[in-house]
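Visitor: Here is the input, now give the coordinates:
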Amino acid sequence: MSNYISPKEIKQVINRTSDDQTKIIIFFIYNYGMTPEDVVQLTRRNFIIQNQVVRIQFDRIKTQTKHVFRIPDYFTQTLYKVLSRRKEKQPFFVGTNRKAMSAATLENRLFDETLHQNKKLDPRSLWESHLFWIFRKGYNFSEATKEYGIKHEDKEWSIWEEATQEKRVFPRLLDI
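Guide: Just a heads-up that it's a prediction; the model follows:
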């Protein structure tokens, strides 16, 4: 099998992570293909809560496309813990100084988690794993180009080639 993190492995990683913000960062990058810059721009206003259903709405910085995703039920409790501590316009992810988290701080958190779990959890490996599994689900390269702004000459093309050589996976492996 490939060197990409599987959905089963990512759930184990999230369950072993003690910090709620770090869990959510891993979840957003892996499940929704968000970049660190996309993640740190989020505020409390990006979350819509109606009838015990949580949705996240955000704009991808690279492509300027708007998205709304439903947060799966099994992850809403983790999200509520952080949401309940944030005011309307406050940044969703805050550092130790209680100010908006920077992309560098986010990457440091993932590095610390990598050391703790002995599994590479940097934004790039999470992003590449996201791509690999959505390609395995049948997402084609032209859709990914439009969605993420990737190009044929990028490494993402080889990820697509590798994923298409693997057996196609039909169950909902990711929550997108």
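
Visitor: Return the distance of the spatially most central residue of the chain relative to residue 22.
Guide: Geometric centre of the chain, nearest residue: residue 29, 1.8 Å, by Cα atoms, centre = their mean. Computed with Cβ to Cβ, to the nearest Å, the distance linking residue 29 and residue 22 is 11 Å. Where you see a C-beta, it was placed from the backbone N, CA and C, and this is true even at glycine.

Visitor: One more: residue 136?
Guide: On the measure of Cβ to Cβ, residue 136 and residue 22 end up 26 Å apart.

Visitor: Going C-terminal from the lengthiest strand in the chain, what's the next secondary structure element?
Guide: With secondary structure taken from DSSP state E, the chain has its longest strand at strand 53-59. Scanning forward in sequence from strand 53-59 by DSSP states H and E, the next helix or strand is strand 66-70.

Visitor: Identify each buried residue in that following strand, please.
Guide: 67, 69 (16 or more other Cβ atoms under 10 Å).

Visitor: Run through who's touching it.
Guide: 31-32, 48, 53-60, 175-176 (Cβ atoms under 8 Å, 6 or more residues apart in numbering).

Visitor: now do 10 Å
Guide: 28, 31-34, 38, 46, 48, 53-60, 76, 147, 175-176 (Cβ atoms under 10 Å, 6 or more residues apart in numbering).

Visitor: got a list of what residue 33 touches?
Guide: So residue 33 contacts 60, 67, 126-127, 129-131, 134, 144, 147-148, 174, 176 (Cβ under 10 Å, 6+ apart).

Visitor: For it, give me the pLDDT.
Guide: Looking at residue 33, its pLDDT is 91.

Visitor: In this structure residue 141 contacts residue 161, no?
Guide: Yes: between residue 141 and residue 161 there is a contact under Cβ atoms under 10 Å: 9.1 Å.
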